[in-house]
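Trainee: need a 3D model of the sequence below.
(chains A, B, C and D)
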Number of protein chains: 2
Amino acid sequence: MTTQRQPGGEAGSASRLRPRGTAFLLAQVGAHASARFAERISELGVVPADVGLLRMVAVQPGRSQQSLAEELGVVPSRVVALVDGLERKGLIERRRNVRDRRNHALHLTAEGTHVMSEMRTLGSAHEAEICAALDDTQRAQLAELLEAIAAQQGLTPGVHPGYRQSPQPAEEPHGRPGS
Amino acid sequence: MTTQRQPGGEAGSASRLRPRGTAFLLAQVGAHASARFAERISELGVVPADVGLLRMVAVQPGRSQQSLAEELGVVPSRVVALVDGLERKGLIERRRNVRDRRNHALHLTAEGTHVMSEMRTLGSAHEAEICAALDDTQRAQLAELLEAIAAQQGLTPGVHPGYRQSPQPAEEPHGRPGS
DNA sequence: TATTGTTATACTCTATAACTATA
DNA sequence: TATAGTTATAGAGTATAACAATA
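Mentor: Residues are numbered from 1 along each chain as shown, chains lettered A, B, ... in the order given. Coordinates of the predicted model:
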């Protein structure tokens, strides 16, 4: 079937045999990795969007919802929905800040801490699965290249762009399936 | 912009110690690439989901909706919606198959062909933007590593997993004894 | 009866805006 | 008046299932 070669090789005449660009490969493999990760964590009862929020609260307990919204790049009401879900599942709890009672300080519950630990285990398995095709040297190489791109593109470390609220273009409805 | 602040920088030793996994980086950079691509093509009046379908019809004119649904991994009704949109935009047309009148043969219009050509230009610019941090050798290296992963993971060349209908459990059925 | 495509419908996700309670 | 959070609402995206036309 398609002869996949490095870009920069011979410019394919037939679009059928034209090698996929690196950017497409990134999107394709990245979406696959996301989907597989989502599958894995579903057994913990959480969705991908929960994970980043949980980790932020774990790293910095007592954070306000506002600050999370800002760092994740979503509107506050979205954080409400996410925290609602996590609270319902018993992984997180809201505590009124005594100094400013408008503020909700977020903390992991014992169960939440446990889930975070489980998540680390799943994360390792996930990592192994996705990189199964590569040896250690290649993995290091890949990580280095990706980090260079991430830095140059101005991505926030640890924050998945899926959180970012899509700027609604004037004309076309936008959108984007998987990612 | 080169060095992004780590959330909880000074205090969050835990997240500092352990660099993001390669799988996460893949998901992050991949989602970013997808989002930027979506932004770019929006000026052509199409969304990412349109692109794969357009390309398939371009490569193999006269295809049935059924065959597209199968290859993309979506339900037929989804193809109806996509083709509806593309037909409304004047990029594609349905022609009744004379032999089997149940069948709709899909073809690009002149405008559709033009848009495909524009898309190739945008694609090159996109590629250059995403890989701006890398030199030619590194780009080749990256493509090679990604192709190895894609092949080992069984991804269909040229098909973005975002199409695939994934059993998305969404917000995990309540009642899940999270305690 | 089986197959291609379509319509009707429902459900999830997520942003906007109005609202509450503090300050 | 300003801020943290919440609720109400609306729109896009996408699957399921019933349906129509054709074979």
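
Trainee: bridging residues for the residue lying closest to residue A:62 once chain neighbours are set aside?
Mentor: Take residue A:62 and drop its neighbours on the chain: the residue closest to it by CB to CB, 6 or more residues apart in numbering or on different chains is residue A:105, 4.3 Å away. All C-beta spots, glycine's among them, are computed from the backbone N, C-alpha and C. Residue A:105 has these beta-bridge partners by DSSP bridges: residue A:95.

Trainee: thought residue A:105 was touching residue A:60?
Mentor: No. With contact defined as CB atoms under 8 Å, residue A:105 and residue A:60 do not form a contacting pair (10.6 Å).

Trainee: dump the residue contacts of the residue nearest to residue A:62.
Mentor: Listed by CB atoms under 8 Å, 6 or more residues apart in numbering or on different chains, the contact set of residue A:105 reads A:61, A:62, A:63, A:64, A:94, A:95, A:96, A:97.

Trainee: my read: the second one touches residue A:104, true?
Mentor: It refers to residue A:62. No. Using CB under 8 Å, residue A:62 is not in contact with residue A:104, being 9.8 Å away.

Trainee: give the contact list for the most centrally placed residue in chain A.
Mentor: Using CA atoms, centre = their mean, the residue of chain A that lies closest to the mean C-alpha position is residue A:160, 3.6 Å off. For residue A:160, the contact set (CB under 8 Å, 6+ apart) comprises A:34, A:48, A:52, B:24, B:27, B:28, B:31.

Trainee: where's it relative to residue B:32, distance?
Mentor: 9 Å (CB to CB, to the nearest Å).

Trainee: if we can go back for a sec, check the contacts of residue A:105 for burial and list the buried ones.
Mentor: Buried members of these, counted by 16 or more other CB atoms under 10 Å in any protein chain shown: A:63, A:64.

Trainee: the residue lying closest to residue A:133 once chain neighbours are set aside: neighbour count?
Mentor: In space, and not counting its chain neighbours, residue A:133 is closest to residue B:152: 3.5 Å by CB to CB, 6+ apart. Counted with other CB atoms under 10 Å in any protein chain shown, the neighbours of residue B:152 add up to 14.

Trainee: residue B:152 touches residue A:132, doesn't it?
Mentor: Yes. Residue B:152 sits in contact with residue A:132 when judged by CB under 8 Å, with a separation of 5.8 Å.

Trainee: buried ones in stretch A:37-48?
Mentor: Buried residues in stretch A:37-48, counted by 16+ other CB under 10 Å: A:37, A:38, A:41, A:42, A:44, A:45, A:46, A:47, A:48.

Trainee: outside of the helix or strand where residue A:53 lies, which residues touch it?
Mentor: Under the criterion of DSSP states H and E, residue A:53 resides in helix A:48-59. Helix A:48-59 is contacted from outside by A:34, A:37-38, A:41, A:46, A:63, A:68, A:71-72, A:79, A:82-83, A:85-86, A:91-92, A:106-108, A:112-113, A:115-116, A:119, A:158-160, A:162-163, B:7-8, B:11-12, B:14-15, using CB under 8 Å, 6+ apart.

Trainee: among those residues, name the ones in helices.
Mentor: Secondary structure from DSSP state H places A:34, A:37-38, A:41, A:68, A:71-72, A:79, A:82-83, A:85-86, A:112-113, A:115-116, A:119, B:14-15 of the contacts of helix A:48-59 in helices.

Trainee: and those, which are buried?
Mentor: With burial judged by 16+ other CB under 10 Å, the buried subset of the ones in helices among the contacts of helix A:48-59 is A:34, A:37-38, A:41, A:68, A:71-72, A:79, A:82-83, A:85-86, A:112, A:115-116, A:119, B:15.

Trainee: alright, that wraps it up for me.
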